[in-house]
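>>> return a 3D structure for these sequence lines:
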Amino acid sequence: MARNSVPEPLRGNLLKVHSGMLDLHKILIEHERGRFESQRGVIRSPGEFLQLLIGDPFFAWLRPMSGLVAVIDEFLESKDPVNLAEGEALLTQARVLVAPLQEGNEFQRGYFRALNESTEIGAAHGDWKRVLADLKN
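As a prediction, this is how the structure comes out:
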């Protein structure tokens, strides 16, 4: 990967957040797939599942996380000069978004529900909190 001008420790922090969000995202998707299948029947193929992830309202609450992961990836891989304030803002967005809040935005409410339904998500949330605690200033 060609490196742009993102200096350390920002680059390292963004890579940690990106990786942590990907890990959590995968677990959330699998949990939601199980919920979907218990309510609506078995998803028959990976292609069908992808279409559901992209377009079905059942999975809509996950899309802000998917989008933020993609934006962080684009920021890190950009060959153009970067705005460091944008990188810091991405870290802030991740901290704010990936917080389970019963009265929060759609993602935060879905995350709160999933966290209360699954010990696996609880463990992944603990990992996410460690990622945030390990970020360098």
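>>> helix, strand, or coil at E103?
coil (DSSP: H, G, I helix; E, B strand; the rest coil).
>>> which residues touch the strand or helix carrying D127?
Per DSSP states H and E, D127 falls inside helix 119-133. The contact list for helix 119-133, computed with CB atoms under 8 Å, 6 or more residues apart in numbering, reads 16-17, 19-21, 23-24, 27-28, 31, 95, 98, 100, 114-115. C-beta coordinates here come from the backbone N, C-alpha and C atoms, glycine included.
>>> swap in 6 Å and give it another go.
Identification of contacts with helix 119-133 by CB atoms under 6 Å, 6 or more residues apart in numbering yields K16, G20, L24, I27, H31, A114, L115.
>>> low-scoring pLDDT stretches of this structure, where are they?
Applying pLDDT under 70 to the chain flags residues 1-4.
>>> name the helices or strands packed onto the biggest helix by length in it?
When the chain is parsed with DSSP state H, its longest helix is helix 10-40. In terms of contacts (3 or more CB pairs under 6 Å, 6 or more residues apart in numbering; DSSP states H and E), helix 10-40 is packed against helix 63-77, helix 84-97, helix 119-133.
>>> that older thread, redo the contacts of helix 119-133 as JSON lines? Include distance to G55.
Formatted as JSON lines, the contacts of helix 119-133 follow (distance: CB to CB, whole Å):
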{"residue": "K16", "distance to G55": "31"}
{"residue": "G20", "distance to G55": "27"}
{"residue": "L24", "distance to G55": "22"}
{"residue": "I27", "distance to G55": "22"}
{"residue": "H31", "distance to G55": "19"}
{"residue": "A114", "distance to G55": "20"}
{"residue": "L115", "distance to G55": "25"}
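>>> what packs against the host helix or strand of N116?
Under DSSP H and E, the secondary-structure element containing N116 is helix 106-117. Identification of packing neighbours for helix 106-117 by 3+ CB pairs under 6 Å, 6+ apart yields helix 119-133.
>>> so the helix it packs on versus helix 10-40, what angle?
Here helix 119-133 runs at an angle of 160 degrees relative to helix 10-40 (axes from the mean of the first three to the mean of the last three CA atoms, to 10 degrees).
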